[in-house]
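Peer 1: fold the following.
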Amino acid sequence: MRVHILILLIFIITACNSNNSNTQKIADVKNDSLEKVKKDTIKIQSVKQVKIITGAEQIDIYLPLIKNKRIALVVNQSAIVNNKHLVDMLLEKKVDIKKIFAPEHGFRGNIDRGKHIKNEKDEKTGLPIVSMFGKNRKPFPKQLENVDIVIFDIQDVGVRFFTYISSMNEVMEACAENNKKMIILDRPNPLGDYVDGPVRKKQFKSFVGMHPIPVVHGLTVGELALMINGEKWLDNGVNCDLTVIKLKNYNHKIHYSLPVKPSPNLPNDISIRLYPSLCFFEATNVSIGRGTQFPFQVIGYPDSLFGNFSFKPKDIEGMQTNPIHEGKKCFGIDLRKEKNDSKFTLKYIIEYNKKFKGKKKLISKPKWFNLLAGNNKLLSKIESGLSEKEIKKTWEKELKQYKKIRKKYLLYDDFE
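Peer 2: The predicted structure follows:
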């Protein structure tokens, strides 16, 4: 009898343990399913991005600031508000626009790089267009006499040598010197998700390097303007009376695709991601696709030893006239299928420098290269054969210092 009772107890205990084990397994499966649901939800949320609202779209915020004021605008083709140009929208709102200041590439964004921009009247609105590229890169006091507020609304690409931020600096300085208020309608930075490159040295200040910032600075124009003011970078330490109309739903982790090309030779996202890396070829005899429909997306030279891919530069109205190697077949590499998260790299310029060994030097315009680099050290390091890793190590300290300064002026959550 005792034996039977003992067997029965063993059976009950075993069954309970088995049920507990099964219960645990079921619980684990449920937890795993919940975790999967959570992960899938996170993925969906990251894909479903909330619409970014630009400064220009927040009319209710800045319209009261410019009511009954005389306004000048620093704008180009990128100043779009809900499929309408800012100029047209403000005129509909009865804003008193006195003039338009046009930066490099002009008001319509269809003038070749470096080409002089004329003072003229806009055919559509009759407004005077004042050139800010040529001899007159900074508004003269007389040009601001009949103006109370200057509005800046231009799409930047987040690179030191892209000259729209230099124009912004000059307008800030002119406003500070002439007691005029400035409003910046902020826009996203398509390269705002990282910071890299050498910081510009003082003796290499130029229109392609106005500020002691790295090649890829990781700031919106609004944040950079605050930094320019805060770090006293305007001449004589003057301070601009500045208001930044912030973006909504934006942070520096977001990869932003531009709705309008910011300049004639940056037609798409890939060209913008590659721009900081390929722009150094502007100081060489190598083509980066100017005179094609894919500028800043290819690299080529008139020698079949440079690659299997080929293209032939030609004049393209509104994009490029007299491109380097015009009419010649250039051989090299096609970068149009590169990932859309490319970051600043020296690998292309280093690779082509090696290819030019035994021929003439790759860098045919060393002074121009140094202005783009912001120093005279990078060129010698490349020509001496240092690796990208070795070269990047030399600017780690100054980049770290810049990042500390940058943190003070961020208006949006950072990528780190």
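
Peer 1: how about the strands in the stretch 201-350 of the chain?
Peer 2: Ranges of strands in the stretch 201-350 of the chain, per DSSP state E, counting those that start in this stretch, are 241-245, 298-301, 309-311, 330-334.

Peer 1: who touches the helix or strand containing V150?
Peer 2: Following DSSP states H and E, one finds V150 within strand 149-153. With contact meaning Cβ atoms under 8 Å, 6 or more residues apart in numbering, strand 149-153 is reached by 55-56, 62, 65-66, 69-75, 78-79, 86, 101, 139, 144, 168, 171, 175, 180-185, 187, 221, 225. All C-beta spots, glycine's among them, are computed from the backbone N, C-alpha and C.

Peer 1: PyMOL command for the buried members of the residues you listed?
Peer 2: Selecting only the buried entries of the contacts of strand 149-153 in PyMOL, with 16 or more other Cβ atoms under 10 Å as the criterion:
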select buried, resi 55+56+62+66+70+71+72+73+74+75+78+79+86+101+139+144+168+171+175+180+181+182+183+184+185+187+221+225
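
Peer 1: out of the contacts of strand 149-153, which are inside strands?
Peer 2: Among the contacts of strand 149-153, the ones falling in strands (DSSP state E) are 70-75, 101, 181-185.

Peer 1: returning to what we had before: quick one: which of the strands of the stretch 201-350 of the chain is nearest E317?
Peer 2: Distance to E317, taken as Cβ to Cβ, is lowest for strand 309-311 among the strands of the stretch 201-350 of the chain, at 18.3 Å.

Peer 1: quick one: strands adjacent to that closest one?
Peer 2: Strand 309-311 has its sheet partners listed here by DSSP bridges as strand 330-334 (antiparallel).

Peer 1: give me the contact list for the strand it pairs with.
Peer 2: 286-287, 297-313.

Peer 1: check stretch 365-378 too.
Peer 2: Stretch 365-378 is contacted by residues 160-161, 198-201, 204, 206, 208-209, 215, 279-280, 282-284, 363, 379, 391, 394 when judged by Cβ under 8 Å, 6+ apart.

Peer 1: starting at the chain centroid, how far to stretch 385-393?
Peer 2: 24 Å (Cα atoms, centre = their mean, to the nearest Å).

Peer 1: ok, and for it, which residues are buried?
Peer 2: By 16+ other Cβ under 10 Å, the buried positions in stretch 385-393 come out as 386, 388, 391-392.

Peer 1: so S131 touches F107, yeah?
Peer 2: No. The criterion here is Cβ atoms under 8 Å, and S131 misses it with F107 at 9.5 Å.

Peer 1: what about D153, neighbour count?
Peer 2: 25 (other Cβ atoms under 10 Å).
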